[in-house]
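**Student:** give the three-dimensional model of this entry:
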Amino acid sequence: MKRTHLAAALVAVLVLSACSTKAGDSGSSGSDSSGVKTGKGVTATEVTLGVMTDKSGVFKNLGLGVTQGNELWAKDFNAAGGVCGRQVKLEEVDHGYKADTAKTLYPQIEPKVLGFVQLLGSPVVAALKQNLASDKTTAAPASWSSELLDNPYVMIVGTTYDLEIIDGLSYLQEQGLVKDGDTIGHIYIDGEYGKNGLRGSQFYAKKHSLTLKEVKITSTDSDLTNVVTGLKGAGVKAIVLTTTPTQTGSTVGANKALGLNVPVLGNNPTFDPALLKSPAAGALDKLTIVASSVPFSADLPKAKDVAAKYKAAYKETPNGGVPYGYAVGEVWGAVLKKACDNKDLTREGIAAALKQTTSASTDNLVAALDFSKPGTPATRQVYAATPDASAEGGVKYVKPLFEAPEAKEYVAPHQK
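**Tutor:** Numbers count the residues shown, from 1 in each chain. Take a look at the predicted model:
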């Protein structure tokens, strides 16, 4: 009888153990000596955050800059004492901007991390969106689609593609470069990135009686001369881009070569400083870039501090991903400290702390952020900038953080 009872008890323990590792479990929790609850990615001495980035694909330069910004933040955060007596460690992998690769890498890195300080690329985030929800893993995507905001574990640091375009078109109209009733073109990559930017153009066009010529392309298209030729024939007064930097170069080059010479508006991933050394360099004067993160060269105290630390640590040509990556770290730091104050460094504790974060400050690397409203972008402000070969990072801003009246009115897809 005793052996029978012992066997039954052992079976019960094994069943419970199997249940505790089922899909969707965010990790067994414990508590440290100070009563702080801990789970996956947290040891007595470290908090591990994941970095799933692009180091070899079409956004590899942006991915490198964002990752280096993440690393600079972690170094500073740890030097200042870390959180709850622990140092932050970054676990980095390269998915090459390929969703299939990311799906393969995710199960390898997920058990090691509390959350993700970087998850780069709209296709990648879309592929892993359900995994994040099932695993209760908070992630800061280097992807700014408002379609992602139905997932409470997505932490978008900055505004979204649709709002970037709305703000950007408002800026062009403010500058007298477009007017009500004009025809404009929007070249966009087929996918969540491009389509979310297109939502912004569609909203603005409706508000201002613009005729919008939509042109869908793939992320691998490289020569857009025929596309620009078609837009010239349609009589466009401006071209909007949600494209790769290579495609931006092709567009501005064709804009000049064909004698169209209209203003071109791109949101934050569309520009890379490498374009300033490409055949398109002489045609970049028509390009305006809108992003909610500050350019690398910005004359702001925190931006200058990050730039100085970057130049001391790295030799690569910097880009706007660097201050953005640092800003994401700052937000993660604020959330970690809130979770520590709540004595809960589990994944559930991070999600709760994020919802309690109503005014995360990055000293204007990005606008102040409010994560307390489900489905709503944390900010609607952007910088307007232009390419400048004399500026470190290749960009200078021409208008500081602003929010267009149309951006205030816009209702995001999942906004409550």
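**Student:** the strands in the protein, which residues?
**Tutor:** Counting by DSSP state E, residue ranges of the strands within the chain are 30-31, 37-38, 46-53, 87-94, 115-120, 139-142, 183-189, 211-217, 239-242, 264-267, 287-291, 344-345, 382-387, 395-402.
**Student:** now render these as a markdown table, adding mean neighbour count and mean pLDDT.
**Tutor:** Glycine gets a C-beta too; all of them are placed from N, C-alpha and C. Output for those, formatted as a markdown table (neighbours: other C-beta atoms under 10 Å; pLDDT from 0 to 100):
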| stretch | mean neighbour count | mean pLDDT |
| --- | --- | --- |
| strand 30-31 | 12 | 76 |
| strand 37-38 | 20 | 97 |
| strand 46-53 | 24 | 98 |
| strand 87-94 | 18 | 98 |
| strand 115-120 | 29 | 98 |
| strand 139-142 | 28 | 95 |
| strand 183-189 | 25 | 98 |
| strand 211-217 | 17 | 98 |
| strand 239-242 | 30 | 98 |
| strand 264-267 | 28 | 97 |
| strand 287-291 | 26 | 97 |
| strand 344-345 | 24 | 98 |
| strand 382-387 | 25 | 96 |
| strand 395-402 | 18 | 94 |
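**Student:** so which residue is smack in the middle of this structure?
**Tutor:** Centroid-nearest residue in the chain, with C-alpha atoms, centre = their mean: Ala142, separated by 2.5 Å.
**Student:** leaving out chain neighbours, which residue sits closest to that one?
**Tutor:** Using C-beta to C-beta, 6 or more residues apart in numbering and skipping the chain neighbours, the partner closest in space to Ala142 is Leu120 (3.9 Å).
**Student:** I'd guessed the one you found sits against Asn61; true?
**Tutor:** No - using C-beta atoms under 8 Å, Leu120 is not in contact with Asn61, being 11.6 Å away.
**Student:** compute the first-to-last residue distance for stretch 396-412.
**Tutor:** With C-alpha to C-alpha, to the nearest Å as the measure, the first residue of stretch 396-412 is 29 Å from its last.
**Student:** and that stretch, how far from the chain's centre?
**Tutor:** 17 Å (C-alpha atoms, centre = their mean, to the nearest Å).
**Student:** how about residues contacting that stretch?
**Tutor:** 146, 149, 159-160, 162-163, 166-167, 169-171, 200, 203-204, 207, 288, 292, 294-295, 297-298, 364, 367, 375-377, 380-386, 388 (C-beta atoms under 8 Å, 6 or more residues apart in numbering).
**Student:** same question for stretch 351-370.
**Tutor:** With C-beta under 8 Å, 6+ apart as the criterion, stretch 351-370 contacts 136, 138, 152-153, 155, 157-159, 292-294, 300-303, 306, 323-324, 326-327, 330-331, 334-336, 338-339, 342, 344, 371-372, 376, 378-379, 381, 401.
**Student:** how much space separates Leu265 from Pro279?
**Tutor:** Distance check for Leu265 against Pro279: by C-beta to C-beta, to the nearest Å, it reads 21 Å.
**Student:** swap that for Asn78, sorry
**Tutor:** Asn78 sits 43 Å away from Pro279, going by C-beta to C-beta.
**Student:** okay, the two: which has more neighbours?
**Tutor:** For Asn78 versus Pro279, neighbours defined as other C-beta atoms under 10 Å are more numerous around Asn78 (16 against 10).
**Student:** contacting residues for the residue nearest to the centre of the chain?
**Tutor:** 53, 62-63, 66, 118-121, 321, 324-325, 328.
**Student:** same check on Ile166?
**Tutor:** 200, 203-204, 404, 406-407, 410.
**Student:** now render these as CSV, adding distance to His186, neighbour count and pLDDT.
**Tutor:** Listed next are the contacts of Ile166 as CSV, based on distance: C-beta to C-beta, whole Å; neighbours: other C-beta atoms under 10 Å; pLDDT from 0 to 100:
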residue, distance to His186, neighbour count, pLDDT
Gly200, 9, 28, 98
Phe203, 12, 20, 98
Tyr204, 10, 27, 98
Ala404, 17, 21, 98
Glu406, 16, 19, 98
Ala407, 17, 25, 98
Tyr410, 16, 21, 98
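**Student:** tell me the one among these nearest to Ile189.
**Tutor:** Lowest distance from Ile189 to the contacts of Ile166 (C-beta to C-beta) belongs to Gly200, with 14.3 Å.
**Student:** which residue packs closest to the closest one, ignoring adjacent ones?
**Tutor:** Of all residues not flanking Gly200 in the chain, Ile165 sits nearest, at 3.0 Å (C-beta to C-beta, 6+ apart).
**Student:** ok, now Val93?
**Tutor:** Nearest residue to Val93 in three dimensions, chain neighbours excluded: Leu105, at 4.9 Å (C-beta to C-beta, 6+ apart).
**Student:** which pLDDT does the model give the one you found?
**Tutor:** Note on Leu105: pLDDT of 98.
**Student:** what about it, neighbour count?
**Tutor:** 19.
**Student:** mind giving me the domain ranges of the protein?
**Tutor:** The chain breaks down by automatic domain parsing into domains covering 36-159+298-379, 161-291+384-409.
**Student:** distance of Val117 relative to Trp73?
**Tutor:** As judged by C-beta to C-beta, Val117 and Trp73 stand 8 Å apart.
**Student:** anything in contact with each of these two?
**Tutor:** Joint contacts of Val117 and Trp73 (C-beta under 8 Å, 6+ apart) are 328-329, 332.
**Student:** from the contacts of stretch 351-370, keep the buried residues only.
**Tutor:** 136, 138, 152-153, 155, 157-159, 292-294, 300, 302-303, 306, 323-324, 326-327, 330-331, 334-336, 338-339, 344, 371, 376, 378-379, 381, 401 (16 or more other C-beta atoms under 10 Å).
**Student:** how much space between the residue nearest to Ala313 when sequence neighbours are not counted and Val215?
**Tutor:** In space, Ala313 comes closest to Leu72 once its chain neighbours are excluded; the distance is 6.6 Å by C-beta to C-beta, 6+ apart. Note on Leu72: its distance to Val215, by C-beta to C-beta, is 38 Å.
**Student:** same deal with Gly30?
**Tutor:** For Gly30, the distance to Val215 equals 54 Å [C-beta to C-beta].
**Student:** return the member of the contacts of Ala142 nearest to Ala257.
**Tutor:** Taking C-beta to C-beta as the measure, Leu62 is the one of those closest to Ala257, at 26.4 Å.
**Student:** right, I'll leave it there.
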